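*Asks:* Sequence and predicted model, in that order:
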Amino acid sequence: MKTLISSVLAILMIVIFSGTNFAQAPVMGTAADFVFFSTDGAVSNSGISQITGNVGTNIGSNTAFGNVNGQMHSQDLVTAQCSTDVQALYADLDGATPNFFPSSLLGNGGTLVAGVYSIPSAATLNLQLTLDAENDPNAIFIFQIAGPLSTGAGSKVILINGAQACNVFWKVEGLVSMAAGSTMRGTIIANNAAIEMNSGDTLEGRALAIIGAITVDGVLAYTPIGCGSPVLTGPVAPDLGVAACYAVFSSNGPVTNTGVSYITGDVGTNVGLTTGFDALDVVGEIHPIPDGSTTAAAASLLVAYNNINTYPEDIELLYPAQFGRNLVLTPHTYVMNGAVTFTDSLYLNAQGNADAVFVIKIYGAVETSTYAKVLLINGTQSKNVYWMVNGSFDLNEYSVFNGTIIGNTGAISINSLATLNGRALTTGGAVNTAAITAVASPIPGNCSSVGISDTEITSDKSVVGVYPNPFNINTYITVNKPAFINHAEVRIFNILGTEIMRVNIIEQSTMISFSKLPRGVYFYSVVSNNQIVDNGKLISQ
């Protein structure tokens with residue numbers, strides 16, 4: 001009888017508390033800063049991977065990662081401490097008392113609530129596994145797997161109702177192997193074994209190996225936000241002074257334009273002549289010869305350059321010749337020591353903080369590819385992005401660039417049909433523009449081009465949504481700001497940059513039909529008042 005009562009009580013306790021958070025959040029220590037780390041083993045990459053977080057090994061080497069949005073560490077004091085912290089984290093996870101005992105096949109559309117899950121064998125993740133925090137942002141999920149963990153191609157871990165990747169932990173006693181296209185969330189620790197990530201995999205969390213190699217190939221991996229992680233604000237924005245009035249300016253050198261360029265902001269030079277700009281196309285003042293304003297702007301620009309040059313950098317991007325390539329950066333001060341070749345796209349991610357500042361210091365010349373793009377996501381504003389360039393700057397045709405360029409004794413060229421949401425300023429050197437659009441925003445109140453406000457001009461990617469993309473015949477452009485309805489249009493370009501279609505935006509969601517066009521890659525721009533407010537790529541399948 002007593003045994004029966006005890007069993008009934010045990011069952012009732014499980015039922016009553018099945019949604020309760022039994023586990024305590026383990027202490028991460030310095031391991032929280034790493035997206036990939038091995039206590040003893042090589043950490044290597046192949047293909048183009050987008051990595052946010054530190055990468056390191058305490059015994060071994062890091063190879064072929066290219067530019068990483070984090071610090072690279074190998075066999076130093078940082079990795080020695082991280083090795084200790086990873087092993088302590090492992091001990092915490094290993095010692096957690098389990099309260100759920102699922103089958104070895106996870107996923108298949110199933111949903112789990114917070115708790116400690118014990119699997120006494122190898123485990124496989126298939127299709128979708130949903131982790132439900134039941135509206136508790138502190139809910140902890142711990143998976144104790146007594147053998148290897150593998151994921152099926154395209155499998156996903158989905159978080160709902162307040163679940164956070166920073167509160168999900170996978171302790172694996174063996175190899176972790178992720179098939180192509182998998183999406184994992186949480187901190188993974190492989191004990192005495194390797195971790196393998198394949199093409200198209202996504203990891204929102206960390207991959208930590210105790211005595212094992214880590215190999216990745218063309219992945220997206222980033223440390224999770226939340227659970228006490230610092231809010232990134234970046235450095236203090238430099239004060240441009242009077243130079244902020246200008247969209248195009250040289251302290252010492254001619255400023256010239258060919259073709260029809262649309263400029264918002266003043267245009268001028270303090271030494272030389274300003275030629276080729278049509279006053280009808282410039283919202284601001286053209287300074288054809290040096291004057292009091294250009295003198296003040298030159299002085300302000302030098303102060304701003306000297307200031308930003310002293311900023312201590314948080315992260316060095318080690319491969320300037322491989323810049324872009326869909327790299328994602330967060331609010332920090334970055335440095336590149338060498339000539340920069342900017343190819344494809346760069347994403348600047350403010351992580352929801354609209355005031356976050358980005359500073360990229362470049363000690364060398366900059367050249368972009370055709371169609372290169374600086375894309376702003378998650379609240380990033382062009383007014384908070386600064387590029388310090390010690391050398392020439394060449395923005396190629398059809399490119400879209402966000403931020404203020406502060407050149408030092410180097411020429412600036414902005415080529416045909418390029419767009420600059422910011423400013424092109426140099427302390428010395430010629431500035432040449434050719435049929436471009438440049439918008440300096442915000443304009444200080446004491447400038448000739450007053451009236452342009454932050455809210456009127458923005459390059460935040462949240463302005464426009466595209467769905468579906470890729471698509472078969474039709475896709476929809478959705479504007480998220482009512483001010484653009486009846487005041488904007490979508491322009492479609494083919495791969496050669498030739499405009500092939502214009503569609504007026506007259507409602508929140510506008511259908512774009514490609515039924516008469518061949519399949520392939522296209523580009524779009526959303527234009528309002530002759531200013532590009534958003535742009536991107538379309539794929540017709």
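*Replies:* Here it is on my side, so go on. Remember, predicted model here, so these are calculated numbers, not experimental data. Residues are numbered from 1 along each chain as shown.

*Asks:* and F323, what are its bridge partners?
*Replies:* On the basis of DSSP bridges, F323 is bridged to F342.

*Asks:* Likewise for the one 4 residues further on?
*Replies:* Listed beta-bridge partners, L327: L346 (assigned using DSSP bridges).

*Asks:* Would you mind confirming that it is in contact with D344?
*Replies:* No - with contact defined as CB atoms under 8 Å, L327 does not count as touching D344 (9.0 Å). Quick note: C-beta positions are derived from backbone N, CA and C, even for glycine.

*Asks:* Show me which of the two is the more surrounded one.
*Replies:* Neighbour totals were compared for L327 and D344, and L327 leads with 23 against 15 (other CB atoms under 10 Å).

*Asks:* List the contacts of that one.
*Replies:* If a contact means CB atoms under 8 Å, 6 or more residues apart in numbering, then L327 has Q50, N67, N69, L346, Y347 as its contacts.

*Asks:* okay, now the domains of this protein?
*Replies:* Using automatic domain parsing, the domain ranges for the chain come out as 21-222, 241-439, 461-540.

*Asks:* Looking at these, which is nearest to P235?
*Replies:* For P235, the closest of those is domain 241-439, at 4.9 Å, according to CB to CB.

*Asks:* Now do the end-to-end distance for the closest one.
*Replies:* 17 Å (CA to CA, to the nearest Å).

*Asks:* what do you get for stretch 48-55?
*Replies:* First-to-last residue span, stretch 48-55, CA to CA: 15 Å.

*Asks:* hang on, the earlier thing: which one, of the domains of the chain, ends up nearest to G228?
*Replies:* Across the domains of the chain, closest to G228 is domain 21-222 (CB to CB), at 8.3 Å.

*Asks:* so where's the protein uncertain?
*Replies:* Scanning the chain for pLDDT under 70 picks out 1-23, 448-460, 462-463, 481, 495-497.

*Asks:* What segments of it are helices?
*Replies:* With DSSP state H applied, the chain shows helices at 2-16, 77-95, 292-309, listed in chain order.

*Asks:* what's the closest of those helices to D201?
*Replies:* Nearest of the helices of the chain (CB to CB): helix 77-95, 21.1 Å.

*Asks:* From the contact counts, what lies against that closest one?
*Replies:* The contact analysis (3 or more CB pairs under 8 Å, 6 or more residues apart in numbering; DSSP states H and E) places helix 77-95 against strand 34-38, strand 54-57, strand 141-145, strand 168-172, strand 183-191, strand 202-210.

*Asks:* Dump these to TSV, plus distance to S118 and mean neighbour count.
*Replies:* Output for the helices and strands packed on helix 77-95, formatted as TSV (distance: least, CB to CB, whole Å; neighbours: other CB atoms under 10 Å):
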stretch	distance to S118	mean neighbour count
strand 34-38	25	29
strand 54-57	30	25
strand 141-145	5	26
strand 168-172	10	26
strand 183-191	15	24
strand 202-210	19	25
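
*Asks:* For the residue nearest the centre of the chain, list the residues it contacts.
*Replies:* Residue closest to the average C-alpha location in the chain (CA atoms, centre = their mean): V328, at 3.2 Å. Residues counted as contacts of V328 (CB under 8 Å, 6+ apart) are Q50, T52, N69, Y222, Y347, L348, N349.

*Asks:* before we move on, the earlier item: want to try JSON lines for the domains of the chain, with distance to G228 as columns?
*Replies:* JSON lines is the format used below for the domains of the chain (distance: least, CB to CB, whole Å):
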{"stretch": "domain 21-222", "distance to G228": "8"}
{"stretch": "domain 241-439", "distance to G228": "15"}
{"stretch": "domain 461-540", "distance to G228": "26"}
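
*Asks:* quick one: which of those is nearest L232?
*Replies:* domain 241-439 (4.2 Å).

*Asks:* Okay, and the beta partners of M197?
*Replies:* M178, V216.

*Asks:* follow-up on the earlier one: with distance to P235 added, can I get the helices and strands packed on helix 77-95 in CSV?
*Replies:* Below are the helices and strands packed on helix 77-95 laid out as CSV (distance: least, CB to CB, whole Å):
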stretch, distance to P235
strand 34-38, 23
strand 54-57, 19
strand 141-145, 36
strand 168-172, 32
strand 183-191, 29
strand 202-210, 26
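
*Asks:* I'd like the distance between the closest residue to L112 other than its chain neighbours and G403.
*Replies:* Sequence neighbours aside, L131 is the residue nearest to L112 in space, at 5.7 Å (criterion: CB to CB, 6 or more residues apart in numbering). Plainly put, L131 is 38 Å away from G403 if you go by CB to CB, to the nearest Å.

*Asks:* just to revisit the earlier point, need the helices of the chain in TSV with mean neighbour count and distance to N257, can you?
*Replies:* Formatted as TSV, those follow (neighbours: other CB atoms under 10 Å; distance: least, CB to CB, whole Å):
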stretch	mean neighbour count	distance to N257
helix 2-16	9	74
helix 77-95	17	50
helix 292-309	19	17
